[in-house]
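In: give me coordinates for this.
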Amino acid sequence: MSEKEIRFAILNRVAELYERPNSEQNSGSSGMSEQTTNAKSVVSRLGTGDRRQKAPILLVDDQQANLVALEAVLKDLGQDVVWAKSGQEALSLVFDRNFAVILLDVRMPDMDGFETAELIRKRQKSRDTPIIFITAADASSDQIVRGYGVGAVDFITKPIVPEVLTAKVGTFLELYKRTERLRYSEERFRLLVESVKDYAIFMLGTDGQIASWNFGAERISGYRQNEIVGKHFSVFYPREDVQAGKPERGLKIAVAEGRFEGEGWHIRKDGSRFWANVVITPVRDEQGNLRGFAKVTRDITQLREAAQVVSELPARLLQSQDEERQRIAQELHDTTSPALAGAISRLYTLKDRAQHWDTKSSTALQDCLALTENVARDIRNLSERLHSRALQQAGFVSAVRSHAELFGKQSGVRVELKLPEASDRLPQNVEMALFRILQEVLPHIQLHSNRQLAVIQFSSTRQEHTLTISDRPEEIDISIPGPLERRKTGLEIRLAGPGERIKQLGGNLAISTRSGIFVRATMPVGSD
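Out: Okay, the predicted model is just below:
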């Protein structure tokens, strides 16, 4: 609540309670009865209040008897009463502390009440302190006008009616305590906001001008309060975002939806960028009128970088897996295969010389030769499965042809190919991802399809590359399974790694085992 609003509330409260002029104080028993009731109510409310929050009352009069009388009337309010016997003494007290209300005698030597009130009003902290003038019954209209002119909120004429005095002073005491509680609450909130270091918390006007600033905002953006307050908050946005109207759009969304949250690049004072999470909330008064916006900004650059590392982790693991596969395949090819080839060559030499051996020895030699050839073939197949030399040397389409031909001979599965006659080389990661799909699906068809048929189709357009593998020549339904069918199938588990690779490259993998085996991998052109 602003100081202007507090003053307005005070004046409204006075107007509500004292619509009738003071001349009616003694005009009738009904009026006096009502004011007595009001006074008792005020005393009751203040008496049951928190004693630790006493509101000081300043009594200013050059006659000690008058001060004693006023204090006697006000003692039931249970507040601190302070005396001042002159205008100078009153000014000294007002300079040292704040008062809830000041009762000021008009007629005093040296400095009268009007002059004292005028000087009190010139002090910043006491310019809104309620001043009630105490004057004689014969006060002229000019004196009353002058009193209101120097800031008086009310007049009380002598002789004083205790109930009226108690009611009027009690009203201002209540307002003072409410204002102090509000001020204390706002001060605590301000200290809390200013002490926050990890968030930039500041207020914006309705037009986006920065109205307040906290330490977190200074730490994050580099601007000091005197450098940034009054500027438009678009100063934090990159030029391209400002030209696109992004700051204003955030305010419009906040007004329309009650809140705006977004992320994007922000600019510090030194020109460096940081990734910011921004929340903008409209601030409205009790009537619902827009008063401004609260903006909270958090620097989440490190969180974004960490999330990016986490998102890249599967791709890095797959890349490491490929490199390890290639290393093992290379070692098998360069060390084991030559050794086995040498062993097979020597076994054939022995076979030529073993014509006169006994049957048992000749049979053992034949068995060793067959076993060694089988091991050499398995190692070649394993090496090719780990890292296809055909894929590396001839490209995807040629590798698919050679792999399918070899698979068909070894497994007995009939393989049908629908491949282009010629095809340009694809990016290395794309070729490897699609080839891994082929390597996993064909053995699954061999083990789980009663058709013993594998149909392999590959096509490329300007937008995407598509590899389809099925155990049926016709198209298979690949509708999304229902909730009861969400348990992963063996094929889905088998394709989890290659599927993650497809996903990392921006592609899509569709798998269906509802009415046959069907796998379709789609890769956008240009993915790598």
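In: how about the strands in the stretch 51-200 of the chain?
Out: Assigned by DSSP state E, counting those that start in this stretch, the strands in the stretch 51-200 of the chain fall at 57-60, 81-84, 101-105, 131-135, 154-157, 199-204.
In: the chain now?
Out: Using DSSP state E, the strands of the chain run over 57-60, 81-84, 101-105, 131-135, 154-157, 199-204, 260-267, 273-284, 290-299, 414-418, 453-460, 464-470, 508-512, 518-524.
In: mean neighbour count, mean pLDDT and distance to Glu163 for the ones you listed - can I get that in CSV?
Out: C-beta: built from backbone N, CA, C; applies to glycine. As requested, those are exported to CSV (neighbours: other Cβ atoms under 10 Å; pLDDT from 0 to 100; distance: least, Cβ to Cβ, whole Å):
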stretch, mean neighbour count, mean pLDDT, distance to Glu163
strand 57-60, 25, 90, 17
strand 81-84, 18, 90, 18
strand 101-105, 26, 89, 15
strand 131-135, 22, 86, 15
strand 154-157, 18, 82, 12
strand 199-204, 21, 87, 45
strand 260-267, 16, 94, 55
strand 273-284, 17, 93, 41
strand 290-299, 19, 91, 40
strand 414-418, 14, 92, 105
strand 453-460, 18, 92, 98
strand 464-470, 21, 92, 90
strand 508-512, 17, 90, 85
strand 518-524, 21, 92, 87
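In: adding distance to Thr359, write these out as CSV.
Out: CSV is the format used below for the strands of the chain (distance: least, Cβ to Cβ, whole Å):
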stretch, distance to Thr359
strand 57-60, 129
strand 81-84, 130
strand 101-105, 128
strand 131-135, 132
strand 154-157, 134
strand 199-204, 90
strand 260-267, 82
strand 273-284, 80
strand 290-299, 85
strand 414-418, 40
strand 453-460, 43
strand 464-470, 48
strand 508-512, 54
strand 518-524, 51
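In: ok so, going back, what about the strands of the stretch 51-200 of the chain, which gets the closest to Arg385?
Out: strand 199-204 (53.9 Å; Cβ to Cβ).
In: let me know the angle separating that closest one from strand 273-284.
Out: Orientation check (axes from the mean of the first three to the mean of the last three Cα atoms, to 10 degrees): strand 199-204 against strand 273-284 gives 50 degrees.
In: how far out from the middle of the chain is strand 199-204?
Out: 14 Å (Cα atoms, centre = their mean, to the nearest Å).
In: over to stretch 372-392?
Out: 53 Å.
In: mind listing what's buried along that stretch?
Out: Neighbour counts over stretch 372-392 (16 or more other Cβ atoms under 10 Å) mark Thr372, Ala376, Ile379, Arg380, Ser383, Glu384, Leu386, His387, Ser388, Ala390, Leu391 as buried.
In: one more: stretch 490-510?
Out: Buried residues in stretch 490-510, counted by 16+ other Cβ under 10 Å: Leu491, Arg494, Leu495, Pro498, Gly499, Glu500, Arg501, Ile502, Gln504, Leu505, Gly507, Leu509.
In: select from those every entry located in helices.
Out: Applying DSSP state H to these, the entries found in helices are Leu491, Arg494, Pro498, Gly499, Glu500, Arg501, Ile502, Gln504.
In: do you know the pLDDT at the last one?
Out: Model confidence at Gln504, given as pLDDT, is 81.
In: these two touch, right, Val81 and Lys75?
Out: Yes. Val81 is within contact range of Lys75, at 7.4 Å (criterion: Cβ atoms under 8 Å).
In: what's the burial count for Gln124?
Out: 7 (other Cβ atoms under 10 Å).
In: pLDDT weak spots in the stretch 101-250 of the chain?
Out: Along the stretch 101-250 of the chain, the model assigns pLDDT under 70 to residues 137-139, 184-197.
In: tell me where it has helices.
Out: 113-122, 141-149, 162-195, 215-221, 225-228, 239-243, 246-257 (DSSP state H, counting those that start in this stretch).
In: rebuild the ones you listed as JSON lines, extending it with mean neighbour count and distance to Pro338.
Out: Below are the helices of the stretch 101-250 of the chain laid out as JSON lines (neighbours: other Cβ atoms under 10 Å; distance: least, Cβ to Cβ, whole Å):
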{"stretch": "helix 113-122", "mean neighbour count": "19", "distance to Pro338": "104"}
{"stretch": "helix 141-149", "mean neighbour count": "14", "distance to Pro338": "113"}
{"stretch": "helix 162-195", "mean neighbour count": "17", "distance to Pro338": "73"}
{"stretch": "helix 215-221", "mean neighbour count": "20", "distance to Pro338": "63"}
{"stretch": "helix 225-228", "mean neighbour count": "14", "distance to Pro338": "73"}
{"stretch": "helix 239-243", "mean neighbour count": "12", "distance to Pro338": "60"}
{"stretch": "helix 246-257", "mean neighbour count": "16", "distance to Pro338": "65"}
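In: to Ala343, which of these lies closest?
Out: Nearest of the helices of the stretch 101-250 of the chain to Ala343, taken as Cβ to Cβ: helix 239-243 at 68.1 Å.
In: now find how far off-centre that closest one is within its chain.
Out: In terms of Cα atoms, centre = their mean, the centre of helix 239-243 is set 22 Å apart from its chain centre.
In: again, but for stretch 457-465
Out: Centroid displacement of stretch 457-465 relative to its chain, using Cα atoms, centre = their mean, is 41 Å.
In: what residues does it touch?
Out: 396-397, 400, 417-420, 423, 426, 430, 434, 466-469, 522-525 (Cβ atoms under 8 Å, 6 or more residues apart in numbering).
In: ok, 7 Å please
Out: Outside of stretch 457-465, the residues within contact range by Cβ atoms under 7 Å, 6 or more residues apart in numbering are 397, 400, 418-419, 423, 426, 430, 466-468, 522-525.
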